[in-house]
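Asker: quick one, what's the 3D model for this:
(one chain, ligands or ions: 2)
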Amino acid sequence: MANPNSVLPLYEKNWYKHNYKRVLDSIILILLLMLLGYRLIFVNNYSLPWFVAFMCECWFTLGWIFTISTQWNPALVKTYPQRLLQSVSVEELPAVDIFVTTADDELEPPIITVNTVLSLLSLDYPSHKLSCYVSDDACSPLIFYALQQASNFAKHWVPFCKKYNVQTRAPFRYFIDDNDECMTNNEEFRQEWLQMKDMYENLIREIDVYPKSIPCLFEGEFAAFSNTTRTNHPAIIKVIWENKEMVEDGLPHLIYLSREKRPKQPHHFKAGAMNVLTRVSGLITNAPFMLNVDCDMFVNNPKIAQHAMCILLDSKGEKEVAFVQCPQQFYATLKDDPFGNQLVILYKYLGAGLAGLQGTFYCGTNCFHRRKVMYGLSSDDMENGLNKLSDEELKQISGASNELRKSIVHALKGKTNSPSDINVKKGIEEANQVACYGYEYGTAWGKQD
Ligand SMILES: O=c1ccn([C@@H]2O[C@H](COP(=O)(O)OP(=O)(O)O[C@H]3O[C@H](CO)[C@@H](O)[C@H](O)[C@H]3O)[C@@H](O)[C@H]2O)c(=O)[nH]1
Ligand SMILES: [Mn+2]
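Answerer: Ligands and ions are numbered 1, 2, ... in the order given. Reported below is the predicted structural model:
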């Protein structure tokens, strides 16, 4: 779905010159080469220490050649969300399935996951085009409960963020800046702000006092968690919130998922969870794009999905770009970042350098993927679509579920579900099958990129 009406590109890649850095890097390279020459010509005693030192210096020089060649032509990508919204109507914007992974309710406290989820539910993107799937590898009723509470809070939080164009939509970061908000002259905002803060504090209490406040832990919705342990339980998939009317300014679907685990069966950590999320979401919403976010991250730019779509929907990007990777930033780091925690070298220099060559690397989280590429369609056969895949290959990709095979064919053909096609309940029945630990045996899942 490109921008047929618009001649202006939705994104541009701008290469910028870094002459000073180039000169400096080249001088270092020349010095290294001179050092190698010196070793060979003047210090030629050919002893073992000489040889070891020479090999180390060769290795370092080779590494430096790779470093400067990757950073020689850095590029920055600029996106134009305004042009996107002019060329594509809200109904034409593609759906995005959002995956959040969590694995431990002690090391990754549920309130952290809840904040991540809240920042995603409140993205500036039509709500009926978003679905949030939370994968819980701890099989924790506490995480499930926390998400239930979060979805109640989200009914107030999301409209509040959109009404006042809040930038930081993870409440724990937003409410750090008390003073700014209370100093405002806008009385209506002030009242609502205080109310939201109060509700958020209540939410923290609800999650922290659990399970004392729930006497019948394993009743009703929680029955699925009885007789389960972290490493031994069946698949549990539950709809926490369904946007039944598919309203644009409502709340996105929120779905809890804990894939089946059995003792001594490999589960492949986050990668295993991502595979299950891809299959389960394929059966329920089958959005053409997937965004994955670790539970300890949050979205600091509410328009990020629009920025990503500028690249993924642009007529050039549609042929060339398989994924859009967002850089990571870390809060509460030390002043001047003495330990390099902000990963400046990785994102600013290496990331921009690789973007200048072809495209940046996938760093495991905060990334939008094209679903059909995940199913094995390479950029070369993007236009030919399914023609390249035989029935046997398709079976290898889908595994035993016929419904999943249909959904994969659907995705590979570039078709999308209209909101009225989505039947969350029916999808979940099928999804239990593809969330089993043995589902991947004899298939291409986990074997092919
Ligand atoms: O069995 C597991 C283990 C981990 N996770 C989740 O995977 C994510 C990442 O795991 P974590 O241990 O937090 O990895 P980090 O070392 O913090 O993160 C690095 O590794 C991740 C996995 O590749 C990338 O997503 C990150 O970008 C990268 O910083 C978290 O959301 C976990 O909850 C699972 O879902 N199941
Ligand atoms: Mn982490």
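
Asker: pull the number of nearby residues for residue 133.
Answerer: Other residues near residue 133 number 25, with proximity taken as other CB atoms under 10 Å. Just so you know, the C-beta spots here come from the backbone N, C-alpha and C atoms, and that holds for glycine as well.

Asker: make sure it is indeed in a strand.
Answerer: Yes: when the secondary structure is assigned by DSSP: H, G, I helix; E, B strand; the rest coil, residue 133 falls within a strand.

Asker: tell me how far it lies from residue 242.
Answerer: Taken as CB to CB, to the nearest Å, the spacing of residue 133 relative to residue 242 amounts to 13 Å.

Asker: can you tell me which residues in the stretch 251-400 of the chain are near ligand 1?
Answerer: 269, 270, 273, 294, 295, 363, 364, 365 (CB under 6 Å from any ligand atom).

Asker: PyMOL command for the buried members of the residues you listed?
Answerer: Selecting in PyMOL just the buried members of these, where the criterion is 16 or more other CB atoms under 10 Å, is done with this command:
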select buried, resi 270+273+294+295+365
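
Asker: farthest-separated two in the residues of the stretch 251-400 of the chain next to ligand 1?
Answerer: By the measure CB to CB, those have their two most distant members at 273 and 363, which lie 16.9 Å apart.

Asker: that older thread, which of the residues of the stretch 251-400 of the chain next to ligand 1 fall in helices?
Answerer: When these are checked against helices (DSSP state H), the matches are 269, 270, 273.

Asker: you'd agree the second one is up against residue 100?
Answerer: No: proximity of residue 270 to residue 100 does not meet the contact threshold set by CB atoms under 8 Å, at 11.2 Å.

Asker: shared neighbours, these two?
Answerer: When contacts are counted by CB atoms under 8 Å, 6 or more residues apart in numbering, the set common to residue 270 and residue 100 consists of residue 294.

Asker: for residue 64, what are its contacts?
Answerer: Here residue 64 is in contact with 25, 28, 29, 32 (criterion: CB under 8 Å, 6+ apart).

Asker: which one of those is nearest residue 122?
Answerer: Comparing those against residue 122 with CB to CB picks out residue 25 as the nearest, at 43.1 Å.

Asker: mind checking how far the closest one is from residue 347?
Answerer: Taking CB to CB as the measure, residue 25 and residue 347 are separated by 19 Å.

Asker: SS state for residue 100?
Answerer: Going by three-state DSSP, the secondary structure assigned to residue 100 is strand.

Asker: apart from its chain neighbours, what residue comes closest to it?
Answerer: The shortest distance from residue 100 to any residue other than its chain neighbours is 4.7 Å, reached at residue 134 (CB to CB, 6 or more residues apart in numbering).

Asker: does the one you found touch residue 114 like I think?
Answerer: No: between residue 134 and residue 114 no contact is recorded; they are 9.6 Å apart, counting by CB under 8 Å.

Asker: now do the contacts for residue 321.
Answerer: Applying CB under 8 Å, 6+ apart, we find residue 321 in contact with 311, 312, 359, 370.

Asker: out of the residues you listed, which one has the lowest pLDDT?
Answerer: The weakest per-residue confidence within the contacts of residue 321 falls on residue 359 (91).

Asker: from residue 28, how far off is residue 40?
Answerer: Using CB to CB, one gets 19 Å for the distance from residue 40 to residue 28.

Asker: which of these two has more residues huddled nearby?
Answerer: For residue 40 versus residue 28, neighbours defined as other CB under 10 Å are more numerous around residue 28 (14 against 10).
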